[in-house]
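K.L.:
Pasting the sequence and the predicted model now:
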Amino acid sequence: MANDGVQHQPADKLLSRQSEEAASARPRHLSAWLGSLVLHVVLLVAAGLFLRAIPQGADVEPGRTAGIVLAKTNNDQTQYFSDSSEASQSTSTESSQNESAASTLAESRPNLPEVAGLLPTLPTGTQANTPNTGSLTDATSLLSGGSGVGKVGGQTTQVFGVQGTGSKFVYVFDRSASMEGYGGRPMLEAKRELIASLNSLQKTSRFQIVFYNERPTVFNPNPTTPPELLFGTASNREQAQSFVQSIRGRGGTRHLDALRAALKMGPDVVFFLTDADEPQLTSAQLAEIDRWNRSAATIHTIEFGVGAEDVGPNFLREIAKRNLGQYVYRDVSSFASR
């Protein structure tokens, strides 16, 4: 067979060489595979660490209900304030303020008197039918029972510096003969003070006048009807002034009948003027005055005397004290002649 220049190796040698090459190549492929596997594992671990390092936003905080949330960060600590909590706090604060205001209003509210305790009770039984002594029957039987309801509102007027506040005023003035002594100055001065007080009355205030000696004489511009409390209108005050000017001092003195007639009208204020320290009223008679005073009238007492005031026991002081009034003394010798 012709030689073409190529040397041919035996087949068994060729197969042996290929087997050796394949055997030497196998470890190289395994090393490459292991290297690739390690590389991928390293990459995966690195990727995991990287992903853990990335902040996850709202998922870091625990779940919260929907709404407006305010966050406050202080010293790396975060505090959350929701609108619902603020509303609850605001509602609680308003409730507390309302309760406080209600408590303050309750404390500042004035304690009003019980109406039932202020209304007078009508006389019953023998008390209602007890006749008046002397000539007082003619005057007091015409007077209606008291219906005063305390001193609510009204105005203030005065007699000889003693002030009385209310809406119903009764003037009880002594007209005995002794009031005409000292040239008539006691009576003139008493009339002057009485008229001045009448002229100060508002038309919505009511008044009545009781002059007395042994019996009371009540002002009554309409003789066809029983005497009653009159409103302080200009017409009534003008007629009252004429009545006062017509009075003359005469006779003796009986205090109780005049006071009873006045208190039956249910006044707020009584101005009681007399120059008689005799007869003195007993404790039993003072208790009767207390019982007649169903309208809880304030009774002010004015005493006319001569010289310095006597500081001894005096029924006029006692009447004023027992009926929340004031007592005042006037020396008639000091009154100027008119």
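P.N.:
All right, it came through fine.
K.L.:
which residue ranges form the helices in the protein?
P.N.:
For the chain, applying DSSP state H gives helices covering 11-53, 83-108, 115-118, 125-129, 136-140, 185-199, 234-246, 255-263, 283-292, 315-322.
K.L.:
can you list the weak-confidence ranges in the protein?
P.N.:
Scanning the chain with the threshold set as pLDDT under 70 gives 1-33, 50-153, 338.
K.L.:
rerun at 50
P.N.:
Filtered on pLDDT under 50, the chain yields the residue ranges 1-6, 57-70, 83-88, 90, 112-113, 115-150.
K.L.:
Which residue, other than its chain neighbours, is closest to Arg260?
P.N.:
With Cβ to Cβ, 6 or more residues apart in numbering as the criterion, Arg260 has its nearest non-adjacent residue at 5.5 Å, and that residue is Trp292. Just so you know, the C-beta spots here come from the backbone N, C-alpha and C atoms, and that holds for glycine as well.
K.L.:
Contact partners for that neighbour?
P.N.:
Listed by Cβ atoms under 8 Å, 6 or more residues apart in numbering, the contact set of Trp292 reads Leu259, Arg260, Leu263, Lys264.
K.L.:
between those residues, which is nearest Asn222?
P.N.:
Minimum distance to Asn222 across those is 18.6 Å, recorded for Lys264 (Cβ to Cβ).
K.L.:
The closest residue to Glu180 other than its chain neighbours and Thr224, how far apart?
P.N.:
Nearest residue to Glu180, sequence neighbours excluded (Cβ to Cβ, 6+ apart): Gly249, at 3.9 Å. Per Cβ to Cβ, to the nearest Å, Gly249 is found 29 Å from Thr224.
K.L.:
quick one: which of these two has more around it?
P.N.:
Taking other Cβ atoms under 10 Å, Gly249 and Thr224 do not tie; Gly249 has more neighbours (19 against 5).
K.L.:
quick one: the more buried one and Met179 touch, right?
P.N.:
Yes. With contact defined as Cβ atoms under 8 Å, Gly249 and Met179 form a contacting pair (3.9 Å).
K.L.:
and for the two, which residues touch both?
P.N.:
Contact criterion Cβ under 8 Å, 6+ apart; residues shared by Gly249 and Met179: Met187.
K.L.:
List the buried residues for stretch 331-338?
P.N.:
By neighbour count with 16 or more other Cβ atoms under 10 Å, stretch 331-338 contains the buried residues Val332, Phe335.
K.L.:
Can you name the residues that contact Gly164?
P.N.:
Neighbouring residues of Gly164 by Cβ under 8 Å, 6+ apart: Thr156, Thr157, Gln158, Asp268, Val269, Phe271, Thr298, His300.
K.L.:
quick one: the first one and Leu37, what's the gap?
P.N.:
So the one you mean is Thr156. Per Cβ to Cβ, Thr156 is found 114 Å from Leu37.
K.L.:
so what's Val218 bridging to?
P.N.:
Val210 (DSSP bridges).
K.L.:
measure it to Thr233 for me?
P.N.:
Taking Cβ to Cβ, one finds Val218 at 18 Å from Thr233.
K.L.:
repeat for Asn293
P.N.:
Distance of Asn293 to Thr233, given as Cβ to Cβ: 27 Å.
K.L.:
higher neighbour count, those two?
P.N.:
Per other Cβ under 10 Å, whichever of Asn293 and Thr233 has more neighbours is Asn293, with 24 against 14.
K.L.:
so who does that one touch?
P.N.:
Taking Cβ under 8 Å, 6+ apart, one finds Leu263, Ile299, Asn323 in contact with Asn293.
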